[in-house]
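[1] Structure of the sequence below:
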Amino acid sequence: MEVYKSEYQTINFDENTSILSKSWTTKTDDIDEATFSAEVNKIAECAEKHNAKYILDDTRDFSFTITIELQSWVDNEVFPRFIAAGLKKYAIIVSKEFISQLSIEQTMEGKKGTQTFEVLYFDNIEEAQRWIENSLSSTANAS
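    Okay, here's the model as predicted:
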């Protein structure tokens, strides 16, 4: 079900699988730092509200370059919220824009002090979904 939509991104949540799936739009080439921060806060809010265990982040149309300051803010302010929500895996479908992708990777790598969730990058949604679904079947088998 759709839980948030703006001109920059759409966020959906599947209650059955605890997957928060989101996709950025091409409008991110016009986004400013304050708006980007607000949009990232929305991701964290949705993860907290729904106790998302998995995030599937489609960044193929993401074209904003995340500054070092914003990378640090995500690491210090947003990642702890993901962890508190119970996030286990964060799958990223890579951006077509090289510099944007590089800044995404730098952001997700952070200092990793308290980051307890796995992050992997994929060329397509199918591979990313398989990675998450493998966790779902492992969890189901363990129960």
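
[2] how about the nearest residue to the residue nearest to the spatial centre of the chain, chain neighbours excluded?
    The chain has D57 as the residue nearest its centroid, 4.5 Å off, counting by Cα atoms, centre = their mean. Distance criterion Cβ to Cβ, 6 or more residues apart in numbering; nearest residue to D57, sequence neighbours excluded, is I92 at 4.9 Å. C-betas here are computed from N, CA, C, even on glycine.

[3] right, and the secondary structure at the one you found would be what?
    Under the three-state scheme (DSSP: H, G, I helix; E, B strand; the rest coil), I92 adopts strand.

[4] List the contacts of it.
    By Cβ atoms under 8 Å, 6 or more residues apart in numbering, I92 lies in contact with D57, T59, I104, M108, V119, L120, Y121, F122, A128.

[5] In the worst-scoring helix or strand of the chain on mean pLDDT, which residues are buried?
    Counting by mean pLDDT, DSSP states H and E, the weakest-scoring helix or strand in the chain turns out to be helix 98-109, with a mean of 77. Neighbour counts over helix 98-109 (16 or more other Cβ atoms under 10 Å) mark S100, Q101, S103, I104, E105, T107, M108 as buried.

[6] The helix or strand harbouring the residue nearest to the centre of the chain - what's its average pLDDT?
    Following DSSP states H and E, one finds D57 within strand 54-58. Averaging pLDDT along strand 54-58 gives 97.

[7] Compute the inter-axis angle for it and helix 98-109.
    Taking axes from the mean of the first three to the mean of the last three Cα atoms, to 10 degrees, one finds strand 54-58 and helix 98-109 inclined to each other by 170 degrees.

[8] Quick check: the residue nearest to D57 vs Y4, distance?
    18 Å (Cβ to Cβ, to the nearest Å).

[9] okay, the spatially closest residue to W73 that is not a sequence neighbour: pLDDT?
    Closest residue to W73 apart from its sequence neighbours, by Cβ to Cβ, 6+ apart: S37 at 6.9 Å. Residue-level confidence at S37 comes out at 98, pLDDT.

[10] do T116 as well
    76.

[11] Name the SS class of it, please.
    T116 falls in the coil class when you classify it by three-state DSSP.
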